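Visitor: Coordinates only, no sequence provided:
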DNA sequence: TCAAAAGTGTTGATCCTACACCCATGA
DNA sequence: TCATGGGTGTAGGATCAACACTTTTGA
């Protein structure tokens, strides 16, 4: 590689995360309003350029922490975006990631100095985003749907004890379709990821549901 | 992004291809001997740094063409490699790709000025490579095994007319295991990717096999 | 006629889907 | 007692793995 070739100059790498949550029965994604050019005033996904001394996962975690104070999220890679024009200032490649976070955890995260505003958007009410972030989000939604039955996804979205109807509602919301109750339970139970606690959820006004936990 | 931050300087992107072929009943990968530092004299996969004005696929195709004169290969992305130390000169992220090429096509490709030597290696006789290319190759082998039943893979490895035992041998070689003949045929035929030509292969000294083509 | 490779079907296990009725509770 | 949501089992179809004998050819 000839490092004097100007075609190699000024490249950089973005790590961009679609952070999803469930709130009020809707799938939402965290967007941040940019305070600087380019795309000043636009909403974008959480992310930024990674440093020379970081691998991509470290950089992604740092960016997420800086902008949201969230930590220890399970990140799944969901695409590489390399259109030379995707960032106006300089040539940037983006690596997309997908993750979910329990809405309760986000209540206490204050907005950091780097962000003017951060907001959860329903995924079908997302505006036109800066950069190519609509495309990155689209790939992440596919990844989210694929990973919805993973322990790492469900464990984040559920409290320590939960009912099967709760789990089913989460999956249905994310997949955007109804699931058969009996098949759903069979499927989940025979994976042996969860087991009954022996407790019941009396909070509903109807028949109490069995409480389960991850085991 | 603060472009004056030195942590953002001098990043680059490698596109790295594991180009596989079948030859003399073995799966082989194309390696190139480096003529320059770093890793002068080491064998590495085909690849290089992409230009500012290329997307990653364009850059990968260009690198492959420059180094092998091969064109129109079906490239499948097989990983992102972002260890900050993976390249000694400067910080380079690598995007790995997997592809296959018919051995016949490679006979006429002469070595280009950029390469001292290029050679097919059996995949279980690959030496220690420069950079992190052993790791990249490992991921590509997984991708190759996953994609072996894809039309785009098989079509490249087979002549225009071929027998089912030929296809089966290819799959067995790549997967490294024997397959049941009856199940294999059923599986392939019910995908309706191939159909009989009505011709027979008389080249063997035994019962002639039906010739098939992609349809 | 023999050796070698090509060709061919069936059976059982597993998995997935579709579907209907009873149960426990609070109002 | 009723309305609501929780809980449960089975039957049919599709898919996959295992397995053995017959056919065609050249030597």
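Guide: Now that the structure is in, tell me what you want to look at. Since the structure is predicted, the reported quantities are computational estimates derived from the model, not experimental observations.
Visitor: Could you pull out the buried residues of the lowest-mean-pLDDT helix or strand in chain A?
Guide: Least confident helix or strand, chain A: helix A:103-106 with a mean of 90, by mean pLDDT, DSSP states H and E. Residues of helix A:103-106 classed as buried by neighbour count (16 or more other CB atoms under 10 Å in any protein chain shown): A:105-106. Backbone N, C-alpha and C define where each C-beta goes, glycine included.
Visitor: Likewise for stretch A:188-203?
Guide: For stretch A:188-203, burial by neighbour count (16+ other CB under 10 Å) applies to A:188, A:194.
Visitor: hmm, it touching DNA strand C?
Guide: Yes. Interface with DNA strand C: stretch A:188-203 contributes residue A:202 (CB under 7 Å from any atom of the strand).
Visitor: burial count for the residue in chain A that DNA strand C sits nearest to?
Guide: The nearest approach of chain A to DNA strand C comes at residue A:207, 3.4 Å away (CB to the nearest atom of the strand). The local packing of residue A:207 (other CB atoms under 10 Å in any protein chain shown) involves 8 other residues.
Visitor: Same question for residue A:44.
Guide: So residue A:44, with other CB under 10 Å, has 20 neighbours.
Visitor: For it, give the beta-bridge partners.
Guide: residue A:32 (DSSP bridges).
Visitor: Relative to DNA strand D, how far out is it?
Guide: 38 Å (CB to the nearest atom of the strand, to the nearest Å).
Visitor: these two touch, right, that residue and residue A:129?
Guide: Yes. With contacts counted by CB atoms under 8 Å, residue A:44 reaches residue A:129, the gap being 5.3 Å.
Visitor: Overlap of the contact sets of the two?
Guide: Here residue A:44 and residue A:129 have residue A:31 as joint contacts, going by CB atoms under 8 Å, 6 or more residues apart in numbering or on different chains.
Visitor: who in chain A is up against DNA strand C?
Guide: Residues of chain A lying close to DNA strand C (CB under 7 Å from any atom of the strand) are A:180-183, A:186-187, A:202, A:205-208.
Visitor: after the least confident helix or strand of chain A comes which helix or strand?
Guide: strand A:117-122 (DSSP states H and E).
Visitor: quick one: contacts of stretch A:164-176?
Guide: In contact with stretch A:164-176 (CB under 8 Å, 6+ apart) are residues A:20, A:22, A:25-27, A:144-145, A:148-149, A:154, A:157-158, A:178-179, A:181, A:184-185, A:188, A:209-210, A:212.
Visitor: and these, which are buried?
Guide: Using 16+ other CB under 10 Å, the buried ones in those are A:20, A:22, A:27, A:144, A:148-149, A:154, A:157-158, A:184, A:188, A:209, A:212.
Visitor: Residue ranges in chain A under the pLDDT threshold?
Guide: By pLDDT under 70, the weakly predicted segments of chain A are A:1-3, A:8, A:108-116.
Visitor: For chain A, which residues are neighbours of DNA strand D?
Guide: Checking chain A against DNA strand D by CB under 7 Å from any atom of the strand, the hits are A:163-165, A:181-183, A:185-186, A:204, A:206-210.
Visitor: For chain A, which strand extends over the most residues?
Guide: strand A:11-23 (DSSP state E).
Visitor: what's the closest of the residues of chain A next to DNA strand C to residue A:105?
Guide: For the residues of chain A next to DNA strand C, the minimum distance to residue A:105 (CB to CB) is 25.6 Å, reached by residue A:202.
Visitor: Could you find the closest non-adjacent residue to that closest one?
Guide: The shortest distance from residue A:202 to any residue other than its chain neighbours is 4.8 Å, reached at residue A:208 (CB to CB, 6 or more residues apart in numbering or on different chains).
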